[in-house]
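S.K.: With the sequence up front, the predicted model follows.
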2 protein chains.
Amino acid sequence: MIDCGEATQLRCKRFNIKLSKIDHILISHLHGDHYLGLMGILSTMHLYGRKNDLFLVGPPGLSEIITIQLRYSETRLNFHIKFSEWIPNAQQVVMENEKLTIETIPLDHRVPCSGYLIKEKPKKRRFNKALMPVNITPVDIARLKNGFDLLDDEGNILYKNSEVTFPPNPNLSYAYCSDTRFKPALVEQLAKVDLLYHESTFADDMKDRAHETFHSTAKEAAQMAKSAGAGKLLLGHFSTRYKDLGVIIGEARSVFKESYLANEGETFTIPAL
Amino acid sequence: MIDCGEATQLRCKRFNIKLSKIDHILISHLHGDHYLGLMGILSTMHLYGRKNDLFLVGPPGLSEIITIQLRYSETRLNFHIKFSEWIPNAQQVVMENEKLTIETIPLDHRVPCSGYLIKEKPKKRRFNKALMPVNITPVDIARLKNGFDLLDDEGNILYKNSEVTFPPNPNLSYAYCSDTRFKPALVEQLAKVDLLYHESTFADDMKDRAHETFHSTAKEAAQMAKSAGAGKLLLGHFSTRYKDLGVIIGEARSVFKESYLANEGETFTIPAL
């Protein structure tokens, strides 16, 4: 879960997202609309008897805010929180497992703020089942999946890798950037990201206001997606002044065609580029 | 406003309660369901440009929890919060103005917890308009409202107070008691309260569980209302195990007839005894 505003647990309930399936919560910054739902989620996980560790990643201060509230409520959670606070303005890997890495994206906001870039690690080659060798050993399977040919004892090719396997599925990536001023320097880190979520608090009419308040316009978000060569752009964090989001999506698509509004409750599949 | 769980501001919006009309927020204790909506309400008041002081009353720790979050979000509120933290287990007046007083009700819960007793001050007598003296001075009006007769220069009664005025409207009182074990000693402080809100987390089948978890049953709440000679009893804070609250209200009414469920969104008028 990335960011957790007030009443997020109610939304989870409504959209049937089980809290027990959430093992990592990443907070971008300590403005209320991005973290005030966290204590409630932790309390509910506790009440539901959670035992598994919870990884909590965010800015300096996050652990203090949580810890002080647990202390005053005299709560001893029956699960362990593993806090990880990043260094502001640094690009850091905050999580890594066998499948993916998560790194911070230093953003330009009024308080320390990081987005998150989630990248799948390179995957193994896939067997072409029609041509799959029979009676093959686990060691040979691993060799083929890792891209090697199978050789006989004398070093002759028994099975040429490119003939019995397909290339790996692409390793997908997702970047979450909120809240931030338009920050052209992000292009390098966001290069070729498959799905980019970028805030677009304002439309182009409020460009100056966006700059003053450390936010972006829809056009700027689209410019970022275009410059980075992103697959798809998701727009969010709209100012309540825009009752009709047509102007937002219209401006974004005029710059980057594959732009979409992050409507509440919708699911976006990360597209392979 | 008394207590402020997560998403209270959403409920205010839904029930058309203007945050700008709220000048005092009283928190009973630092369990999440009673205070986690506070930061969000403060943020929204700030965004809406509130200027008036806000009085925040609650247990020790409340100001630290709020202050630390304002610090990390680098928020300078454009209104002033006047914190008042009570002493646990003491009966204290935490607010007083020309119309009413608010005092803490020391409750018996797992963490420091106080209910609140709101009492109107005695009111002035009301004029009987039909018999209202003509050409009366402001000084004489005040004398009559305060219960004095009007005398002429020689000390003879011109207007007898009881003949030209009615008795004052009754001074009403409301007590809010959540969360607490059944605490018979409260009877004295709650004597003759017009409306008593008392938690009833459980029905009588869970009496032992109520005691263990520092909560009350519906029967206990009703017993309190009966012993105190309350006007009406409002029940709330029901365990989610009771899908049908019929058992709760049934048990309460078997002890105290004027028992009601505090259904969300309903308004209860404080009855004069």
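M.R.: That came through fine. Residues are numbered from 1 along each chain as shown, chains lettered A, B, ... in the order given.

S.K.: going forward, measure contacts between C-alpha atoms and count neighbours the same way
M.R.: Will do.

S.K.: those helices in chain A, which residues are they?
M.R.: Ranges of helices in chain A, per DSSP state H, are A:8-14, A:32-35, A:38-47, A:62-72, A:138-145, A:161-164, A:187-190, A:207-212, A:218-228, A:246-255.

S.K.: May I see the buried residues of the second one?
M.R.: What that stands for is helix A:32-35. Of the residues in helix A:32-35, A:32, A:33, A:34, A:35 count as buried by neighbour count, 16 or more other Cα atoms under 10 Å in any protein chain shown.

S.K.: same deal with the third one?
M.R.: If you call a residue buried by 16+ other Cα under 10 Å, then helix A:38-47 has these buried ones: A:38, A:39, A:40, A:41, A:42, A:43, A:45, A:46.

S.K.: go on, the first one?
M.R.: Of the residues in helix A:8-14, those with enough neighbours to count as buried (16+ other Cα under 10 Å) are A:8, A:9, A:10.

S.K.: What does the pLDDT read for the last one?
M.R.: Residue A:10 is assigned 96 on the pLDDT scale.

S.K.: Give me the neighbour count for the residue in the stretch 51-200 of chain A that chain B sits nearest to.
M.R.: Proximity of the stretch 51-200 of chain A to chain B (Cα to the nearest Cα) peaks at residue A:73, 5.3 Å away. Residue A:73: 17 surrounding residues under other Cα atoms under 10 Å in any protein chain shown.

S.K.: Got the phi and psi for it?
M.R.: Phi and psi for residue A:73, reported as degrees, to the nearest 10, are phi -90, psi 0.

S.K.: Just confirm it contacts residue B:28, I think it does.
M.R.: No. Counting by Cα atoms under 8 Å, residue A:73 stays clear of residue B:28, with 11.9 Å between them.

S.K.: Would you mind measuring from the nearest residue to residue A:77 once chain neighbours are set aside to chain B?
M.R.: Once flanking residues are discounted, residue A:77 sits nearest to residue A:46: 5.8 Å by Cα to Cα, 6 or more residues apart in numbering or on different chains. Going from residue A:46 to chain B by Cα to the nearest Cα, to the nearest Å gives 12 Å.

S.K.: Please name the nearest non-neighbouring residue to residue A:214.
M.R.: residue A:181 (4.5 Å).

S.K.: check contacts around the most far-flung residue of chain A relative to its centre.
M.R.: Farthest-out residue of chain A from its mean C-alpha position, per Cα atoms, centre = their mean: residue A:154, at 48.0 Å. Counting by Cα atoms under 8 Å, 6 or more residues apart in numbering or on different chains, residue A:154 touches no other residue.

S.K.: Give me the phi and psi for it.
M.R.: Dihedral angles (degrees, to the nearest 10) for residue A:154: phi -100, psi 10.

S.K.: so what's it scoring on pLDDT?
M.R.: Model confidence at residue A:154, given as pLDDT, is 92.

S.K.: so can I have CSV of the buried residues of helix A:38-47 showing distance to residue B:66 and pLDDT?
M.R.: Shown next, in CSV, are the buried residues of helix A:38-47 (distance: Cα to Cα, whole Å; pLDDT from 0 to 100):
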residue, distance to residue B:66, pLDDT
A:38, 15, 98
A:39, 14, 98
A:40, 16, 97
A:41, 19, 98
A:42, 18, 98
A:43, 18, 97
A:45, 23, 98
A:46, 23, 97
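
S.K.: between the residues you listed, which is nearest chain B?
M.R.: For the buried residues of helix A:38-47, the nearest to chain B is residue A:40 (6.6 Å; Cα to the nearest Cα).

S.K.: List, one by one, the residues from chain A near chain B.
M.R.: Counting by Cα under 8 Å from any Cα of the partner chain, the residues of chain A lying close to chain B are A:6-7, A:30-32, A:36-37, A:39-40, A:43, A:61, A:65, A:68-69, A:72-74, A:111.

S.K.: Which entries within these meet the buried criterion?
M.R.: By neighbour count, with 16+ other Cα under 10 Å, the residues of chain A next to chain B hold A:6-7, A:30-32, A:36-37, A:39-40, A:43, A:61, A:65, A:69, A:72-73, A:111 as buried.

S.K.: Out of those residues, which two sit at the greatest distance?
M.R.: Using Cα to Cα, the pair of those lying farthest apart is A:73 and A:111, separated by 27.7 Å.

S.K.: thinking again about what came up before, just the closest of the buried residues of helix A:32-35 to residue B:94, please.
M.R.: residue A:32 (28.6 Å).

S.K.: Just the pLDDT for that closest one.
M.R.: At residue A:32, the pLDDT value in this model is 96.

S.K.: Same check on residue A:142?
M.R.: According to the model, residue A:142 scores 89 on pLDDT.

S.K.: and it, how many neighbours does it have?
M.R.: Around residue A:142 there are 13 other residues, counting by other Cα under 10 Å.

S.K.: now residue A:135
M.R.: Neighbours around residue A:135, by other Cα under 10 Å: 6.

S.K.: which stretches of the stretch 51-200 of chain A form strands?
M.R.: Here the stretch 51-200 of chain A has its strands, by DSSP state E, counting those that start in this stretch, at A:54-58, A:81-85, A:93-96, A:100-106, A:114-120, A:126-127, A:150-151, A:157-159, A:165-166, A:173-177, A:195-199.

S.K.: list the contacts for residue A:228?
M.R.: A:187, A:188, A:190, A:191, A:192, A:193.

S.K.: Hmm, residue A:85 is touching residue A:55, no?
M.R.: No. If you go by Cα under 8 Å, residue A:85 and residue A:55 don't touch, sitting 10.7 Å apart.

S.K.: Run the chain-centre distance for stretch A:62-73.
M.R.: Mean C-alpha position of stretch A:62-73 versus that of the full chain (Cα atoms, centre = their mean, to the nearest Å) differs by 26 Å.

S.K.: same deal with stretch A:64-82?
M.R.: Worked out by Cα atoms, centre = their mean, stretch A:64-82 lies 26 Å from the chain centre.

S.K.: what's in contact with that stretch?
M.R.: A:39, A:46, A:49-56, B:30-32, B:61, B:65, B:68-69, B:111.
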